[in-house]
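Enquirer: attaching a predicted model along with its sequence, questions to come.
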Amino acid sequence: MKRLLTVMIFLMAFVYLIPLFTVGPGGIAEIEQGNTPTDTEEKDTFDSRTEITLWDGEEVLTLPLDKYLRGVVAAEMPASFPEEALKAQALAARTYTLYQLSLYENGMSIPESHHGAQLCADHTHCKAWCELESEADKKWGNEADFYLDKIGKAVDDTCGIIATYGGQPIAAVFHSTSSERTESAAAVWGNETPYLVSVESPGSEASPRYKGEVRISQEEFREKMLEAHPEMDLSSSPDKWFKASQRSEAGGIIDVAVGGVRVEGTWLRQVLGMDSTNFTYSVNGDELVFSTTGYGHGVGMSQYGAKALAEQGKKCEEIIKWYYTGVELTIKT
């Protein structure tokens, strides 16, 4: 009897303490039942209780985290992607949101472009977001209900789960399409980040943006370059304007000498409107042709890579740990 009582006490303690543990070897599936309420239960979860403020481009909205994440997943990833990829997107978005909020808690000022809100709906600054109540029919037509349920399930099945490194939420950045490898944070932004290193990334060829091209006249190119760097010497033939490029492990241009002036690949990408920093160039008559591989900054999770991994049978947690090196999955309650 004493032994039975001891076992019962242990089990009760385990039930109450499990929300504080990191996700174990069994993965997210072990905790989904506890995180997702039934239709007859009133929702009371970390995601539903946590509120954020969002500048949507017109006004500041106050939203529960779960509603915000549904709008992010819908705006950032095709709803036709496999469920495990959508769950990985939801988890990454939740993680990055809490990472941003932690920066404010540690003294970082809210950007003026946010109009006082914690987050914005600009994908180049925070994350894209859409108001599903008004836009679902426009996005998906007759399939709106199906995709709304699919996205809602992806958010609910990962409720409260985030990726952490050293116990803190990570900067879970993501992008559309990598090359054969993702970029490291050090190669793109100059900051060594242990969980944002270059890793192999499958499935990019399936993306419609895997290969891209920018054509620009020699005259316009000269104008753009000299406006920013008047010291550039572009008097030689165009095929000699680019020299001594430094490429990352993933193939992106870290920096390159243009007309004798060394500039960053990220700057060139922005000025020329290229899809990525992984580019080559050629001269075609009076035009310069920049051919790119990949779409986006290339750091963190590749969305088309997540799709490919999910199609291979990988689960959400496996996808997250594939792209964010050395992280743990932690449950917020």
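Expert: Right, received. Where do you want to start?
Enquirer: low-confidence ranges, the stretch 151-300 of the chain, go.
Expert: Along the stretch 151-300 of the chain, segments meeting pLDDT under 70 are nowhere present.
Enquirer: which stretches of it form helices?
Expert: With DSSP state H, counting those that start in this stretch as the criterion, the stretch 151-300 of the chain has helices at 185-189, 218-228, 265-272.
Enquirer: for G141, find the nearest of these.
Expert: helix 265-272 (34.6 Å; C-beta to C-beta). Where C-beta positions appear, they are placed from N, C-alpha and C, glycine not excepted.
Enquirer: regarding T95, what is its secondary structure?
Expert: Here T95 is helix, with the state taken from DSSP: H, G, I helix; E, B strand; the rest coil.
Enquirer: from K321, how far off is it?
Expert: 12 Å (C-beta to C-beta, to the nearest Å).
Enquirer: cool, and K153?
Expert: Where K321 is concerned, K153 sits at a distance of 21 Å (C-beta to C-beta).
Enquirer: neighbour-wise, which of the two wins?
Expert: Ranked by neighbour count (other C-beta atoms under 10 Å), K153 and K321 place K321 first, with 19 against 16.
Enquirer: pretty sure G305 sits against P202.
Expert: Yes - when contacts are counted by C-beta atoms under 8 Å, G305 is listed as touching P202 (6.0 Å).
Enquirer: of the two, who's got more company?
Expert: G305 (30 against 18).
Enquirer: average pLDDT across the helix or strand harbouring that one?
Expert: Element membership for G305 (DSSP states H and E) is helix 303-311. For helix 303-311, the mean pLDDT works out to 98.
Enquirer: show me which positions of that helix end up buried.
Expert: 303-310 (16 or more other C-beta atoms under 10 Å).
Enquirer: for that helix, packing partners?
Expert: On a contact count with 3 or more C-beta pairs under 8 Å, 6 or more residues apart in numbering; DSSP states H and E, helix 303-311 meets helix 83-105, helix 316-323.
Enquirer: any idea which of the ones you listed gets closest to S178?
Expert: helix 316-323 (9.3 Å).
Enquirer: so after the closest one, what's the next helix or strand?
Expert: Past helix 316-323, the next helix or strand by DSSP H and E is strand 328-331.
Enquirer: break this structure down into its domains, please.
Expert: According to automatic domain parsing, the chain comprises the domains 18-31+44-173+300-331, 211-293.
Enquirer: on that earlier part again, how about the buried residues of helix 303-311 in a markdown table, adding distance to E192?
Expert: Shown next, in a markdown table, are the buried residues of helix 303-311 (distance: C-beta to C-beta, whole Å):
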| residue | distance to E192 |
| --- | --- |
| Q303 | 24 |
| Y304 | 26 |
| G305 | 22 |
| A306 | 24 |
| K307 | 29 |
| A308 | 28 |
| L309 | 26 |
| A310 | 30 |
